[in-house]
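S.K.: sequence plus predicted model, see below.
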Amino acid sequence: MISVVMATYNGEKFIKEQLYSIKNQELQADEVIIRDDCSEDKTAEIVKSFIANNNLKKWNFEVNSSNKGFKKNFYDLLKLVNGDIIFLSDQDDVWMANKISTMSKKIQENPQIETLNCGIKLVDQNLNAVEIKPRKNFYNANLLYSENTLQNLNFFGLENMIKRNISPGCSMCITRKIKEQFLKTYNFVVAHDWYMNLLASLNNNCCFLNEQLIDYRIHQENTLGLATAWSVRSKLVSFNADNQVKLREFRELSITFKNIVENYAINDSQGLQIQNYLNVRISFLMNPKLRTLLKLRKFSEYFNSTTIRGRIWDIVII
């Protein structure tokens, strides 16, 4: 059984195109569940009319009784679904017609996969392609860092996930197993999609499919950051703000990792190693000193999750 969940909020500008792209999939979902988080525009009206006008019996839509925020909205959506394979959808993208069929087939052919993330194609508000300069060893619109050349299917372990997610949640599907683990242990600190990829990476079952199956729309309202320029001068100008963001992110990741360790069987030495790395990274961000950087460089996680440019920047800020 295949399920799709969509969380909506003030998405009237683009949501109809996304609804059509889900409706017109080569392989139809067995259920589509949509929850609106008390939109202040016409999003709810558009979704209701779309479902009624297209006689979509397998689609279910309701408006939340109060605004929950995207993390809680997706959490509650996942409590409702029955699928063995579950696709996460945002409200402003457009899926390729073969997205569900391609990703479902990959999971059926590779049953070890627990989360599957596909590549994204960047587009503007009018669905025109957006080109960005690729960074060295980066893939998937500069979101995925890998010093190894990507294959069609690429598996990632926990050490690869300790800094960044590999793709936005709207590009992923998950198995029932990960859904159940997520519902039991999610602590609402890091984003829901990153948490599920972290869970899958515990057994090296977090997977990236190197095929673009979604038009990811870039506009003022969405939250994906895409750096297109980098220089020492620009980084120094924004240093304080960037450093505070990184510090908050590593603190959130540290809290999340402790939660995962408490709930799942992780090799004690690996768990301690990663937690120590996170602690040293936080110390360095709070007070960049050479001796702390030397400690950081003793961890393989530092080199697995930090680019060459990032390592140079760590030296610069000292």
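M.R.: Alright, I've got the coordinates. Residues are numbered from 1 along each chain as shown.

S.K.: after the top helix by length along the chain, next one along is what?
M.R.: Longest helix of the chain, by residue count under DSSP state H: helix 239-263. Next helix or strand after helix 239-263 toward the C-terminus (DSSP states H and E): helix 268-286.

S.K.: list the buried residues for that following helix?
M.R.: For helix 268-286, burial by neighbour count (16 or more other CB atoms under 10 Å) applies to G271, I274, Y277, L278, V280, R281, I282, F284, L285. (Glycine included, C-beta is placed from N, CA and C.)

S.K.: also stretch 173-191?
M.R.: C173, I174, T175, R176, I178, K179, Q181, F182, Y186, V189, V190, A191.

S.K.: quote the end-to-end distance of stretch 283-290.
M.R.: 12 Å (CA to CA, to the nearest Å).

S.K.: scratch that, stretch 139-153 is what I was asking about
M.R.: End-to-end distance (CA to CA), stretch 139-153: 13 Å.

S.K.: what residues does it touch?
M.R.: Under the criterion CB atoms under 8 Å, 6 or more residues apart in numbering, residues 106, 110, 119-120, 122, 132, 134-135, 137-138, 154, 160, 164-168, 207-211, 216, 224, 226-227, 305, 307 lie in contact with stretch 139-153.

S.K.: rerun that using 6 Å as the cut-off
M.R.: G119, I120, L122, R135, N137, F138, I166, S167, C207, N210 (CB atoms under 6 Å, 6 or more residues apart in numbering).

S.K.: and those residues, which of them are buried?
M.R.: G119, I120, L122, I166, S167, C207, N210.

S.K.: just the ones of those in strands?
M.R.: G119, I120, L122, C207, N210 (DSSP state E).

S.K.: mind listing the strands for the stretch 1-150 of the chain?
M.R.: 2-8, 31-36, 59-63, 85-89, 94-95, 115-123, 138-139, 144-145 (DSSP state E, counting those that start in this stretch).

S.K.: tell me which helix or strand in this structure has the weakest average pLDDT.
M.R.: Least confident helix or strand, the chain: helix 232-237 with a mean of 50, by mean pLDDT, DSSP states H and E.

S.K.: got the domain boundaries for this protein?
M.R.: 2-217, 232-317 (automatic domain parsing).
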